[in-house]
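Peer 1: Could you work out the structure for the sequence below:
(chains A, B, C and D)
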Protein chains: 2
Amino acid sequence: MKKVTITDVATYAGVSKSTVSQFLNQRFDYMSVETKERVDAAIKELGYQPNIIARSLKQRSTKTIGVIVANILHDFSTRVIRAIEDYCHTEDYHVIVCNADDNSEKEKRYIDMLRAKQVDGIILFPTSKNKTFYQDLMKDEYPFVFIDRLVPGVEADAVLLNNHQAAQLAVDQFVANGYQKIAVLAPPLFDPITPRLERIEGYQQSLEKNHIRPNPLYAINSALEKVEEQMKKLLLLSDPPEAILALNDRLLYQLLQYVKDQQIQVPQQLAIIGIDDVTFASLYTPSLTTVAQPAFDMGKKAAELLFKQFDNGASKKQVYRFAPEIIIRESCERKGNEI
Amino acid sequence: MKKVTITDVATYAGVSKSTVSQFLNQRFDYMSVETKERVDAAIKELGYQPNIIARSLKQRSTKTIGVIVANILHDFSTRVIRAIEDYCHTEDYHVIVCNADDNSEKEKRYIDMLRAKQVDGIILFPTSKNKTFYQDLMKDEYPFVFIDRLVPGVEADAVLLNNHQAAQLAVDQFVANGYQKIAVLAPPLFDPITPRLERIEGYQQSLEKNHIRPNPLYAINSALEKVEEQMKKLLLLSDPPEAILALNDRLLYQLLQYVKDQQIQVPQQLAIIGIDDVTFASLYTPSLTTVAQPAFDMGKKAAELLFKQFDNGASKKQVYRFAPEIIIRESCERKGNEI
DNA sequence: CTGAAAGCGCTTACAG
DNA sequence: CTGAAAGCGCTTACAG
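Peer 2: Purely as a prediction, here's the structure:
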């Protein structure tokens, strides 16, 4: 089927392309009712649909943004994307979703391609290794917003969890319930992403604030596949921990699998808190105390910041911190209490 | 920062735009090594990036596809999207993700906008109410693929689970383990989406095949918020079921919440199987027997079908059925056996 | 109130 | 081997 263009409509209606274009852009100020109706009829008659690509070329806006996450399968990313998409929908924008898999080369190619496709801006979970690349984006005044992570040396708009506070809420809860030997299960060391760094830091600071000396043996940095092995070692220590904080949902998941396999009693033998309020938190037995991130609010805020950049151009960049919320369930009940 | 265009590169290299364009499109057949190098240098020097929007206008391909799901937050959709995105990445395509929220008006607007943006094709979870609209797409020979659902009267390429078989695997498993009074928990009746229809049908056929007379009181159609209420009624029947099949992950989730709240023993008091292998299946106590859909394979297949349409134009449409797989865990252990 | 013309940044058939 | 020209489908400043 032959595509019908603005020229076809103009011919059919007996007016010029300009007039049709005015009509499409709702500039009726100087248009006679009669032409207006003729154009309207022609459009309906021919089933005309404007080619937005052509418009974009002229207007330098595609009404499309890019979102680059590590992996759309991660719960937090999915929620963030949903929030962004909802916001974009109200603004008549679309969103292109990309998975960078924490691979900075892949991320770079995506950014280049998205820009080549003239997307109006990008929201991304930055990998740690593209610093100069982000700096170039800034120099170009290309609109973008970081989410979940910061990149030292790049002063961009960013939306993050208050990670220190998240760890602190968990530690304080442990302490309030009588636990002193508190371990932490963190992602592997090699990737210096913000949440890991700040949550570990928050964990240590909170221990000190609670007058507990951090035990280096209690700080586990582990890839997902190694959690079982690491946990085994941890619990075989002569002075094993009685509580553990999982720094994200996937680590928590591995931890729970281990705990279940080994039939470890929670919280009697090991109290648990996880950061990220996973869907099965209330279903697990015992139900899980978690620290929730306001993922939707964060996604929405990121979108708002990006759109603000569209409107205002380059202005002072800001880092927004969102407060975590502890959801108290059973996996960290008072020590000594039986459930 | 001023955008650098192909004209700038041409001027800088002292050649024509055509030559630069040839270079960009790797048509080196008749290009002297010297010009090639000059152009190459100019591009690097100026930091030139082609404007793909301009190219798209001319070439009538945006190398972008649209994916419309009901809700990206649904586990199955997320996996499907991930598979599609991976496939597109290998083909240098991008994907625009849209949430139609099972709202046919919203879906229609998305399709219109995506076409207006000259997206090369669309993969969608169709709502049931846009039949004539899909037919128009077919008439236009616009490339699209259905996933998860069929629309009667629209002969499009489609990728679905073998839903009858999925229900049958579950029922057979119940029966094999000694359960005869088997209920089913299904989505509400008002929306005639394929998975619900076919799974219910499969459930009934399997009962009959196993010489069990279907008890209409055992077939629950319930919105998520009503599961608790409906389950209460079901279990108060004078002859309550001893097993129940949850037709999707979200219903399963509600069911488990109810079972946990009421401290119902699984499987002793109620054996459970769910369609969709949820992440917490192995973590739940008892671990959950589920029927898994090969979401990644299905997403990939949908992408392949779409790209085949790009290559071949309109050819005979096909419906692909994917085999479900039962993952046997503990929630449907042999009747009478204690765990 | 409406139209002719130029232009957005590319590609491509064709001429030389 | 390379360039001039037309064209993709729009928008917009300007003329009338």
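Peer 1: going forward, measure contacts and count neighbours with C-alpha atoms only.
Peer 2: Noted.
Peer 1: ok, now which ones touch A:E85?
Peer 2: Residues in contact with A:E85, defined by Cα atoms under 8 Å, 6 or more residues apart in numbering or on different chains, are A:H94, A:V95, B:C98, B:N99.
Peer 1: any idea of the pLDDT on the residue of chain A found nearest chain B?
Peer 2: Residue nearest to chain B within chain A: A:I96 (4.2 Å; Cα to the nearest Cα). For A:I96, the model assigns a pLDDT of 98.
Peer 1: quick one: contacts for it?
Peer 2: Contacts of A:I96 by Cα under 8 Å, 6+ apart are A:T64, A:I65, A:G66, A:V67, B:H94, B:V95, B:I96, B:V97.
Peer 1: Tell me what it is bridged to.
Peer 2: A:G66, B:I96 (DSSP bridges).
Peer 1: wait, A:Q204 sits on A:I212?
Peer 2: No: with contacts counted by Cα atoms under 8 Å, A:Q204 stays clear of A:I212, the gap being 9.1 Å.
Peer 1: What residues sit buried inside the lengthiest helix in chain A?
Peer 2: Counting residues, the longest helix found in chain A (DSSP state H) is helix A:295-312. Within helix A:295-312, the residues that qualify as buried are A:295-307, A:309, counting by 16 or more other Cα atoms under 10 Å in any protein chain shown.
Peer 1: which among those residues gets closest to B:E229?
Peer 2: For the buried residues of helix A:295-312, the residue nearest B:E229 by Cα to Cα is A:F296; the value is 29.4 Å.
Peer 1: Now that closest one. Nearest residue, chain neighbours left out?
Peer 2: A:A83 (5.1 Å; Cα to Cα, 6 or more residues apart in numbering or on different chains).
Peer 1: any idea of the mean pLDDT in the helix or strand harbouring the one you found?
Peer 2: Assessed by DSSP states H and E, A:A83 sits inside helix A:75-90. Mean pLDDT, computed over helix A:75-90, is 97.
Peer 1: Just want the phi and psi numbers for A:T5.
Peer 2: When read as degrees, to the nearest 10, the backbone of A:T5 gives phi -110, psi 180.
Peer 1: per-residue pLDDT, it?
Peer 2: Confidence at A:T5, expressed as pLDDT, is 92.
Peer 1: what sits in contact with each of A:Q204 and A:I212?
Peer 2: Common neighbours of A:Q204 and A:I212, counting by Cα under 8 Å, 6+ apart, are absent.
Peer 1: Tell me which of those two has more neighbours.
Peer 2: A:Q204 (22 against 15; other Cα atoms under 10 Å in any protein chain shown).
Peer 1: That one looks like it's in a helix, true?
Peer 2: Yes: checked against DSSP: H, G, I helix; E, B strand; the rest coil, A:Q204 lies within a helix.
Peer 1: Please name the residues that touch it.
Peer 2: Contact analysis of A:Q204 by Cα under 8 Å, 6+ apart lists A:P214.
Peer 1: For the contacts of A:I96, pick the one with the most neighbours.
Peer 2: Tallying neighbours with other Cα under 10 Å puts A:I65 at the head of the contacts of A:I96, with 29 neighbours.
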